[in-house]
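Engineer: Predicted model follows, preceded by the sequence.
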Amino acid sequence: MAIVVAKSQRWRVLLAHAFLIGLVIVTIFPFLMILSISFRPGNFATGSLIPDRISLEHWMLALGLSYTAPDGSLVQPTFPVLRWLWNSVKVAALTGLVTLLLSTTAAYAFARMKFRGKEASLTGLMLVQMFPSVLALVAIYAIFDRIGNVFPTFGIDSHWSLLLAYSGGIALHVWTIKGYFDTIPAEIEEAAKVDGATPWQAFRIVLLPMALPILMVVFLLAFVGAIIEYPVASILLNEQAKLTLAVGSNLFLYEQKYLWGDFAAAAILSGLPITLVFILAQRWMISGLTAGGIKG
Amino acid sequence: MPTHKKNSPRWFGPLLLIAALLAALYIVVVVHAAGQTLLAATLLFITALAAWLYTSPRFYAWRYLFPGIAAAMVFVVFPMLYTIGIGFTNYSSANLLSFQRATQYHLDETAPAEGDPLAFTLHADGPEFRVRLSDPDEESKAWVSGPLALKNTAPLKLAVEPAPQVKLPLGEPLPLRDVIQRQAALKALTFELPGGRQVVMTGLRQFSGLEKVYEQREPGVLVHKRTGELLKANHQTGFYEKANGERVTPGFQVGVGFDNYRRIFTEPAFREPFLRIFVWTVAFAALTVLFAASLGMLLAVLLNWDALRFKGVYRVLLFLPYAVPGFISILVFRGLFNNNFGEINLILDALFGIRPTWFSDPTLAKAMLLIVNVWLGYPYMMLVCMGLIRAIPADLYEASAVAGAGPLTNFFRITAPLVIKPLTPLLIAAFAFNFNNFVLISLLTGGRPDFLDTTVPAGTTDLLVSYTYRIAFEDSGQQFGLAAAVSTVIFLMVAAISMVQIKFTRISRDPAR
């Protein structure tokens, strides 16, 4: 393109660069800071951005190892970070599987079958999803407290109850998977049905393998959603060993007990894998949603 | 391939269904036996529905839909309805029990009976223990229990035998230290003496008889056995009350109609914080969306500018806040903003010699929340705007360049009007999200600094949702009923916002067709 460059253009470009660089600094400052803090000895923030003395004490504690302080005393990890990470991963993986099971079957019916109330239930499902679960916290607590009186396995302080509480949020996933199913020609399954396959067989043997990419996306999204969920987990879990990472990390920064360095190491240790999955899920979600939206 | 599938046993499906239904029925019976009638009824309804759907060929599609929709109903819709229901009761830590359970609680209440306490000693018997009780006045009258593990703290009633009948010689009594160690297990024991008298541990060295405090005269009326005082159940307040109106805890749950709502909207102690928090909630959500969207749009326009280099690098770096899970970045900011140790104050101190008290000054705390939330929110807006700007036909800009328009004219005459329409539903969605942004408030300030003039816990930075959470889970009173009523009010607001959003989605979509 041949554009006549005005004289003010150069100044504007420079200004834009200055603004963007300033914003980039503000944006990545917290991340650099937390990295620096995790390598700094002690739990106080005094010190420069590049630590004068590198100490791995916080990393040892975050990994559940004890270390010997300079004065010779043995410092034990305050919180079971790895345990929390494991709890989070466990709950999230199970939530992903359950979500996948519930939403795939429902999406199949929505995409391929004709029945009364189809439009209504699809819209209803979407409307239901609009209400944040934070508003029902009291009820969720009361329900699981009462169930726990009968079945302690599904009461307060149980990962199973958390899994159940998360399994209801499938509406968005149903829409995503349905959109993808719509892009797969129904003739393929029709052919299988002509060969004598039942709808279940057509679904399981013919359609599911073709929908693998979207199933991965939905699993990842449900997984990430469960990992970062805070409100419901914070009321259902009390016992320290049972906490998920989102609830547990909160304990590092109490006004009276300010474990800044320990938090930094724990946050990076547990945050990195989650962030990776998060980025992966985001990227796939965008491609998955657009793939699902072509015919939707 | 499918041939062996075709031969998969025909009875397998039905058998699985029958097994599942039987298991469900068993759970219903157990739940009902535990006194959770409403829950049992709900489960029974779901089980019946499942049985119907999975046996009738007419509802074949619902066999696929049922599990998912049932989960959404049970764990999303039911809690919503239940919340509305709780809003009409006085459910709280003082009114936790049902009427029957509260009555039973009072009837089970015991006080040391008249009559001499018995001295008690603990003796080792192998790995287990025996308890010896004796009448302090008459040493010959003594009783000995069977061997006890003393590990359980569940209530247990046991018989004791007169000491002479126990052949085993007892060793020296264990020191008090061992008794204290096993106090919890000992407290759970009730010994029944041969005469039928029951004793429990009332001190480290003694067991005494117990008697019930209250006796039921007629339904809803209890009488104090010793004083003869009457307690009457008041189904308005949910407490047993003495003649002078004094309430005896624990109370029970009763419906209170619109009481909670009346308290929110008329009692000054509740109305004041509610209104202030409502205003702040709206301001917070609106300002966040305004700032994040403006910044996002500005960046999108800049990063779409041909003359600018390194666009890719900027885009990746500016996208970072969106990639890191919220609970981690919010907590990082909680540390960075810390008044005494936080890096932000260290820098401000070094540069300008000021140390703002981010967490104790209401205005600063609000400013901090906005800063953090804009930081968290602008990358999303940037992404969306970049997508929308890319869809604007380039010839519009070429035409405006021919007309000699500057970048500002371009932005306000072409970019902004074309972007704002499809952006509106997203902005409303972002508003609704931030209206309920519980995680940010709860992890960053916890609602603090608190108002000093309210009876419920309420803070200057609380949003309506976190205010509800605090009424329900942080206050010593755990006023679930009140919290549920506030939740219901927010439900209605969110519903209103959603309706506006749906309307705008339609408007923005229609011209495109």
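Structural biologist: Received, thanks. Residues are numbered from 1 along each chain as shown, chains lettered A, B, ... in the order given.
Engineer: if I look at A:Arg53, how far off is A:Phe39?
Structural biologist: 9 Å (CB to CB, to the nearest Å). Heads up, the C-betas are built off the backbone N, CA and C, glycines and all.
Engineer: So what's the residue count around B:Leu396?
Structural biologist: 14 (other CB atoms under 10 Å in any protein chain shown).
Engineer: Kindly apply the preceding question to B:Asn345 instead.
Structural biologist: 20.
Engineer: quick one: secondary structure of it?
Structural biologist: helix (DSSP: H, G, I helix; E, B strand; the rest coil).
Engineer: Show the contacting residues for it.
Structural biologist: B:337-339, B:355-356, B:358 (CB atoms under 8 Å, 6 or more residues apart in numbering or on different chains).
Engineer: nearest to chain A, of those residues?
Structural biologist: B:Asn338 (7.1 Å; CB to the nearest CB).
Engineer: Next, count neighbours for that closest one.
Structural biologist: 20.
Engineer: Who are the contact partners of it?
Structural biologist: Contacts of B:Asn338 (CB under 8 Å, 6+ apart): A:45, A:253, A:258, A:260, B:345, B:358-359.
Engineer: B:Pro112 now?
Structural biologist: B:202, B:208-210.
Engineer: State the distance from A:Ile177 to chain B.
Structural biologist: Computed as CB to the nearest CB, to the nearest Å, the A:Ile177 to chain B distance reads 10 Å.
Engineer: Wasn't that residue part of a helix?
Structural biologist: Yes. Assessed by three-state DSSP, A:Ile177 belongs to a helix.
Engineer: And the pLDDT for the closest residue to it other than its chain neighbours?
Structural biologist: Excluding the flanking residues, the one nearest A:Ile177 by CB to CB, 6 or more residues apart in numbering or on different chains is A:Ala107, at 3.7 Å. Confidence at A:Ala107, expressed as pLDDT, is 92.
Engineer: how deep is A:Ala107 tucked in, by neighbour count?
Structural biologist: A:Ala107 has 28 nearby residues by other CB under 10 Å.
Engineer: What are the buried residues along the host helix or strand of it?
Structural biologist: Using DSSP states H and E, A:Ala107 sits in helix A:81-112. By neighbour count with 16 or more other CB atoms under 10 Å in any protein chain shown, helix A:81-112 contains the buried residues A:81-85, A:87-89, A:91-92, A:94-96, A:98-100, A:102-112.
Engineer: I'd like to know how many residues surround B:Asp125.
Structural biologist: B:Asp125 has 16 nearby residues by other CB under 10 Å.
Engineer: Please, where are all the helices along the stretch 1-150 of chain A?
Structural biologist: Counting by DSSP state H, counting those that start in this stretch, the stretch 1-150 of chain A has helices at residues A:8-39, A:57-62, A:81-112, A:118-130, A:137-150.
Engineer: State the distance from B:Val31 to B:Leu97.
Structural biologist: With CB to CB as the criterion, B:Val31 and B:Leu97 are 18 Å apart.
Engineer: Of those two, which one has the most company?
Structural biologist: A count of neighbours by other CB under 10 Å puts B:Val31 above the other of B:Val31 and B:Leu97, at 23 against 16.
Engineer: quick one: contacts for the more buried one?
Structural biologist: Applying CB under 8 Å, 6+ apart, the residues contacting B:Val31 are A:147, A:150, B:39-40, B:43.
Engineer: mind running it again at 10 Å?
Structural biologist: B:Val31 sits next to A:146-147, A:149-151, B:37-44 when contact means CB atoms under 10 Å, 6 or more residues apart in numbering or on different chains.
Engineer: Where helices are concerned, which of the contacts of B:Pro112 count?
Structural biologist: With helices taken from DSSP state H, there is no overlap with the contacts of B:Pro112.
Engineer: B:Ser442 - that's part of a helix, no?
Structural biologist: Yes. Per three-state DSSP, B:Ser442 lies within a helix segment.
Engineer: Please name the nearest non-neighbouring residue to it.
Structural biologist: B:Ser466 (5.6 Å).
Engineer: With B:Phe319 instead?
Structural biologist: Counting by CB to CB, 6+ apart, the residue nearest B:Phe319 is B:Pro379, at 5.1 Å.
Engineer: quick one: what helix or strand has that neighbour in it?
Structural biologist: Using DSSP H and E, B:Pro379 falls in helix B:362-390.
Engineer: Which helix in the chain has the most residues?
Structural biologist: In the absence of a named chain, chain A is used. helix A:260-293.
Engineer: I was thinking of chain B, sorry if that wasn't clear
Structural biologist: Under DSSP H, chain B gives helix B:268-302 as its longest helix.
Engineer: Quick one: list the elements packing against it.
Structural biologist: helix A:8-39, helix B:259-265, helix B:311-323, helix B:362-390, helix B:416-435, helix B:438-444, helix B:464-469, helix B:480-509 (3 or more CB pairs under 10 Å, 6 or more residues apart in numbering or on different chains; DSSP states H and E).
Engineer: now that helix and helix B:362-390, what's the angle there?
Structural biologist: For helix B:268-302 against helix B:362-390, the angle by axes from the mean of the first three to the mean of the last three CA atoms, to 10 degrees is 40 degrees.
Engineer: any idea of the mean pLDDT in helix B:268-302?
Structural biologist: pLDDT averaged over helix B:268-302 gives 92.
Engineer: Just the buried positions in that helix, please.
Structural biologist: For helix B:268-302, using 16+ other CB under 10 Å, the buried residues are B:270, B:273-274, B:276-278, B:280-281, B:284-285, B:287-289, B:291-293, B:295-302.
Engineer: do the same with stretch B:424-437
Structural biologist: For stretch B:424-437, by 16+ other CB under 10 Å, it's B:424-432, B:434-437.
Engineer: Please give me every residue in contact with the residue of chain A found nearest chain B.
Structural biologist: Closest to chain B within chain A is A:Gly168: 2.9 Å, counting by CB to the nearest CB. By CB under 10 Å, 6+ apart, A:Gly168 lies in contact with A:99, A:102, A:128-129, A:133, A:140, B:68-79.
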